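Here is my input, please return the structure:
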Amino acid sequence: MKTSYSLTLFGSALLAVFQANAAGTLVQEMSKMTVSTAGAGSAVLAENASVAYSNPAGMSYIDGDALSVNAAVMDLGIYYHDDIEPSKSSDNAGGIQPYGSLYYVHQLNDDVHLGMSVSAQGGSALDYGTSYAGALNLNALKLSVIQFNPSVSYQINSKVSIGAGLQIDYASFEETLLYGQGSLETDSWTLGYNLGLMYQLDENNRLGLAYRSRMNHDLTGSFSSNAMTVSVPIPGPIPGSVDKNIPAMSGQAGLNVLNPRQIEVSGLHQLTNPLSLVWSLGFEQWSDNDSTMISINNGNRISQIERNFDDVWSAALGARYQLTSRLRLESGIGYATSPLEHPEYQGADLPVDAQHRYSMGATYQWDKDISLTTYYSYVDYGEPEINNNGMNGQFDNVNQFLGITINMMFN
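Here you go, the predicted model:
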C-alpha cells in the first residue's frame, strides 16, 4: 500500500505541475523577431532572414542570401500571494534568463529560396523554494524547447509566394518537487510542419498568412525521491490533515505535453513615405489539449481527462516611422485571451491570464548590407487566481524582453 500511495502521490504532483504547463511553453518573443511591434506584422514582414521562421513564403522577398542573429534577455516576474496564510506566499520565482536565435536564407534561383531557423520556442526557469503553499507539487523547474526549422519558398508570380517548413523540436524538462526531496528529468524530440502564403496587393499593401501544426511532446526520463513524511490535507467541511510516510523511490517516468496548432494573418500598409502600419490576428487551438497522460514505471498511469483549456485569440497593432534615411522607430501593442480561466485548474509552473503587450524599438541601417534592430517589450501576464493543490490565492506575473538583432545581406 505504501508503494501504491507513493506512486499516486508522485503522479499527482506531476499532474499538478503539467496541468497548465503547456500555457507557458510558447513565448512568441523568443522566436518571432517582431518584438518591437508587439508581434504585429509577424506573418507579413519580409525584411531579413527571420522571415524564414515567421512566414517562409516571405523568403521570396529576400534578394540574395541573408543572416540574422538575435541575442536577448527576458526578466520574468512570478509572484504568488496566498489568501489563507500570507507566510505561504512566494518571492519572485522567475528571474533574468538569456536566450538567442539564428536565421538564414539562401536564394537558390529567381523563384526558390531555402531557409533555416534555430530558435527557442519558449520555456522558463522557476524557483519557488520549499516553504510556499505549493511546495509539495513544485519547488523548481527548468523547461526548454528548441526548434530547428528548415524551410523553402516558391515565387508563383509577382503577387503570390508560398512556403513550407519542417519543425523539429527538442524539449527538456527538469524539476524538483516534494519539498525538495523529489526530482524529475525528461526530454523528447517531435516533428511538425509550417506553411506560409504572401500576397502583394499593390506596392503599398501586403497580406501574409502563416500556419504552424500542433506539436506532441512525449517526454520520457527518470524520477527519484528520498524517504519523507508529508502532511496530506483531509477533504471536508472541517480543515485537517494526516501525516503519510513515503519511502524512497526511483524509476522511469513519461508524460505528454501538447503545443497547439496556430494560425496568423498579418497586414503591412505603407500609409505615407515615412509611416507604415502593421497588424496581426492570431488563433491557437488550446482546446485541443484535452488530457494529460503520465506513466510511472510503465505501469501506473494517471489520466487527466478534463483540462478546461480555452482557445486563444490574439491581436496586435504596430507603427513604424522612418525618422531618417538610416533610423526607423517602431512600436506596438498586443492582446491575447487567456487559455485557462478556472482557478481550480491553474498551476504554479507559469500561470497566465489574458496577456497585454507594450513594445518599442528601432532599426538602424549600418550600411547597405547590415542593419541593427533593438527592442524592448513589457508583457503583463495578468493576475490569475488559483484554488488547487493546496494553493488558494493569486499570482502577479509580468515579463520583460530586451534584445538586439543583427541582420546581414549577402548579394
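
The closest residue to G221 other than its chain neighbours pairs with what?
Nearest non-adjacent residue to G221, counting by CB to CB, 6 or more residues apart in numbering: T186, 3.3 Å away. C-betas here are computed from N, CA, C, even on glycine. Beta-bridge pairing for T186 (DSSP bridges): F173, G221.

show me what contacts T186?
S172, F173, L219, T220, G221, S222, A253, G254, L255 (CB atoms under 8 Å, 6 or more residues apart in numbering).

The second one contacts L219, correct?
Yes: F173 is within contact range of L219, at 5.8 Å (criterion: CB atoms under 8 Å).

Tell me where the model's unsure across the stretch 201-350 of the chain.
Flagging of the stretch 201-350 of the chain using pLDDT under 70 yields the residue ranges 231-240, 290-307, 350.

Kindly recompute the last result at 80.
228-247, 249-250, 253-258, 288-308, 344-350 (pLDDT under 80).

Please enumerate the helices of it.
Counting by DSSP state H, counting those that start in this stretch, the stretch 201-350 of the chain forms no helices at all.

now swap in the stretch 1-150 of the chain and tell me
2-18, 22-25, 51-54.

which of those helices has the lowest average pLDDT?
Mean pLDDT across the helices of the stretch 1-150 of the chain is lowest at helix 22-25; the value there is a mean of 44.

neighbours around the residue lying closest to Y199 once chain neighbours are set aside, how many?
Using CB to CB, 6+ apart and skipping the chain neighbours, the partner closest in space to Y199 is L207 (4.9 Å). Counted with other CB atoms under 10 Å, the neighbours of L207 add up to 16.

next one: D218
15.

OK, contacts around it?
Applying CB under 8 Å, 6+ apart, we find D218 in contact with S188, T190, G254, L255, N256.

ok so, going back, mind checking how far the residue nearest to G221 is from S131?
26 Å (CB to CB, to the nearest Å).

before we move on, what about Q28?
Q28 is 33 Å from S131, by CB to CB.

Looking at those two, which one has more neighbours?
Q28 (25 against 12).

So the more buried one sits against G39, correct?
Yes: between Q28 and G39 there is a contact under CB under 8 Å: 5.7 Å.

N216: how many residues sit nearby?
Count around N216 with other CB under 10 Å applied: 15.

hmm, back to that, pLDDT value on the residue nearest to G221, please?
The model's pLDDT for T186 equals 88.

same question, the one 3 residues further on
W189 is assigned 95 on the pLDDT scale.

Identify the spatial nearest neighbour of it, chain neighbours not counted.
Closest to W189 by CB to CB, 6+ apart is Y170, at 5.5 Å.

show me what contacts the one you found?
So Y170 contacts V145, I146, Q147, F148, D187, S188, W189 (CB under 8 Å, 6+ apart).

pretty sure G180 contacts N139?
Yes: if you go by CB under 8 Å, G180 and N139 touch, sitting 5.3 Å apart.

shared neighbours, the two?
Common neighbours of G180 and N139 (CB under 8 Å, 6+ apart) are T130.

okay, the two: which has more neighbours?
N139 (25 against 15).

Name the nearest residue to the more buried one, sequence neighbours excluded.
T176 (4.5 Å).

quick one: buried residues of the strand or helix carrying the one you found?
Per DSSP states H and E: T176 is located in strand 160-177. By 16 or more other CB atoms under 10 Å, the buried positions in strand 160-177 come out as 161-165, 167-169, 171-177.

Identify, from the residues you listed, the entry nearest to T272.
Set against T272, the nearest of the buried residues of strand 160-177 by CB to CB is S161 (26.0 Å).

pretty sure the residue nearest to Y199 is in contact with A46, am I right?
No: shown here, L207 and A46 do not form a contact pair, counting by CB under 8 Å, at 11.9 Å.

who touches both of the two?
With CB under 8 Å, 6+ apart as the test, L207 and A46 both reach M198.

and S287, what is it in contact with?
Contacts of S287 (CB under 8 Å, 6+ apart): F309, D310, D311.

Angles on the backbone of the closest residue to the second one other than its chain neighbours, please.
When you say that, I think you mean D310. Excluding its sequence neighbours, the residue lying closest to D310 (CB to CB, 6+ apart) is P339, at 5.8 Å. Torsion angles at P339 (phi, psi; degrees, to the nearest 10) stand at phi -80, psi -10.

And P339, how far from Y99?
22 Å.

Break down the stretch 51-200 of the chain into its strands, ranges please.
65-82, 95-107, 112-127, 140-155, 160-177, 182-202 (DSSP state E, counting those that start in this stretch).

I should have written the stretch 301-411 of the chain there, sorry.
Counting by DSSP E, counting those that start in this stretch, the strands of the stretch 301-411 of the chain are 312-322, 327-336, 355-365, 370-382, 385-388, 391-410.

is it true that L197 touches A57?
Yes: contact criterion CB under 8 Å: L197 and A57 qualify, at 5.3 Å.

Tell me which of the two has more neighbours.
Shown here are L197 and A57; by other CB under 10 Å, A57 has more neighbours (31 against 20).

and the more buried one, what does it touch?
S153, S161, I162, G163, G196, L197, M198, G208.

try 6 Å this time
S153, S161, I162, G163, G196, L197, M198 (CB atoms under 6 Å, 6 or more residues apart in numbering).

Save those residues as TSV, and put in distance to S266 too.
Converted to TSV, the contacts of A57 look like this (distance: CB to CB, whole Å):
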residue	distance to S266
S153	16
S161	14
I162	16
G163	14
G196	11
L197	11
M198	9
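
can you list the residues you listed in CSV and add distance to G95 and pLDDT?
Formatted as CSV, the contacts of A57 follow (distance: CB to CB, whole Å; pLDDT from 0 to 100):
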residue, distance to G95, pLDDT
S153, 39, 98
S161, 41, 98
I162, 42, 98
G163, 37, 98
G196, 35, 97
L197, 39, 98
M198, 39, 98
